[in-house]
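**Q** I'll drop the sequence and a predicted model, then ask my questions.
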Amino acid sequence: MSRIGRMPIAIPAGVTVEVAENNKVTVKGPKGTLERVLPSEMEIKVEGAQVLVSRPNDLKKMKSLHGLTRTLVNNMVVGVVNGFEKKLEVNGVGYRAAKAGKKLTLNLGYSHPVEMEDPAGIETVVEGQNVIIVKGIDKEKVGQFAAEIRDKRRPEPYKGKGIKYADETIRRKVGKTGKK
C-alpha cells in the first residue's frame, strides 16, 4: 500500500468536504472554497471527520495515483484552513518591487518596469522593497504565480542578482581572474 495514500485526512472544525460524481471534490472552509476533479478510478469516501482514499487494484498507474489523490485532497483542506504562501527575494542594485492596487511593478534592470497583475484568488504583498509574498488558498496557483514572478529575472550564479525564493540557495561561481 501507498504509505501516503492510506493515511486518513482529518477534517478540521468549520470545514466541509463533499464528493460528487466523477470524483469532483469540493472543500469549503473559513478562507474560501476549492473544487477539483480527481482521477475517477480512485475511491474517495468521507467517514465522520476524515477522508479516506483507496485504490481499486495494485497496477502501477493506480499506485501512483493513490498518493497523488490523497495529497491533492489534503492540500485543499490545508488551503481553506491556513492558506499557502511563498516568499521571494529581489536581490541586486536598483532592483525593487512595488505594489499598487492589484498591480505588482518590478524594476529588474531592464529598460522598462515589468508589471504583473494578481490572478484571481492570489494576493501579493510587498515587504520593504525587496521581499514579495505570494498568498492564496490553492497551492498550485500560488506556486505557479511565484514561479512566473521568478522567471522575470532568474538569479545568476556570479553576483546572485535576480529574484529567488527565500529558502533557495544559489550555487555561486568564481568569476574570471586576470592574466599573469
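**A** Received it, and whenever you're ready, just let me know what you need.
**Q** buried residues, the strand of greatest length in the chain. List them.
**A** Counting residues, the longest strand in the chain under DSSP state E turns out to be strand 84-91. Judged by neighbour count using 16 or more other CB atoms under 10 Å, the buried positions of strand 84-91 are F84, K86, K87, L88, E89, V90, N91. Glycine gets a C-beta too; all of them are placed from N, C-alpha and C.
**Q** name every strand pairing with that strand and say which way it goes.
**A** strand 131-136 (antiparallel), strand 162-165 (antiparallel) (DSSP bridges).
**Q** only the buried residues of the last one, if you could.
**A** When burial is assessed from 16+ other CB under 10 Å, strand 162-165 yields the following buried residues: G162, I163, K164.
**Q** verify the stated contact: the first one with I149.
**A** The one in question is G162. No: look at G162 against I149 with CB atoms under 8 Å: they stay out of range, at 11.1 Å.
**Q** thinking again about what came up before, dump the strands paired with strand 84-91 to JSON lines, plus mean pLDDT and distance to K63.
**A** Putting the strands paired with strand 84-91 into JSON lines (pLDDT from 0 to 100; distance: least, CB to CB, whole Å) gives the following:
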{"stretch": "strand 131-136", "mean pLDDT": "94", "distance to K63": "30"}
{"stretch": "strand 162-165", "mean pLDDT": "93", "distance to K63": "31"}
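**Q** what strand or helix carries L106?
**A** For L106, the enclosing helix or strand under DSSP states H and E is strand 103-107.
**Q** average pLDDT for that strand, rounded please.
**A** When pLDDT is averaged along strand 103-107, the result is 93.
**Q** now the element after it, going C-ward?
**A** Remark: after strand 103-107, the chain's next helix or strand is strand 114-117, criterion DSSP H and E.
**Q** so which bits of the very next helix or strand once past that following strand are buried?
**A** Using DSSP H and E, the helix or strand that follows strand 114-117 towards the C-terminus is strand 122-127. Neighbour-count burial for strand 122-127, counted by 16+ other CB under 10 Å, picks out I122, E123, T124, V126.
**Q** and which of those residues is nearest I137?
**A** When the buried residues of strand 122-127 are compared for distance to I137 (CB to CB), I122 wins out at 9.2 Å.
**Q** next, the buried residues of the helix of greatest length in the chain.
**A** Across the chain, the longest stretch assigned as helix under DSSP state H is helix 60-81. By neighbour count on 16+ other CB under 10 Å, the buried set for helix 60-81 is 62, 65-81.
**Q** same check, this time on stretch 37-44
**A** The neighbour-count check on stretch 37-44 (16+ other CB under 10 Å) flags L38, P39, M42, I44 as buried.
**Q** one step back: kindly reformat the buried residues of strand 84-91 as a markdown table containing pLDDT and distance to P30.
**A** Output for these, formatted as a markdown table (pLDDT from 0 to 100; distance: CB to CB, whole Å):
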| residue | pLDDT | distance to P30 |
| --- | --- | --- |
| F84 | 94 | 15 |
| K86 | 94 | 21 |
| K87 | 95 | 23 |
| L88 | 95 | 26 |
| E89 | 94 | 30 |
| V90 | 94 | 32 |
| N91 | 92 | 35 |
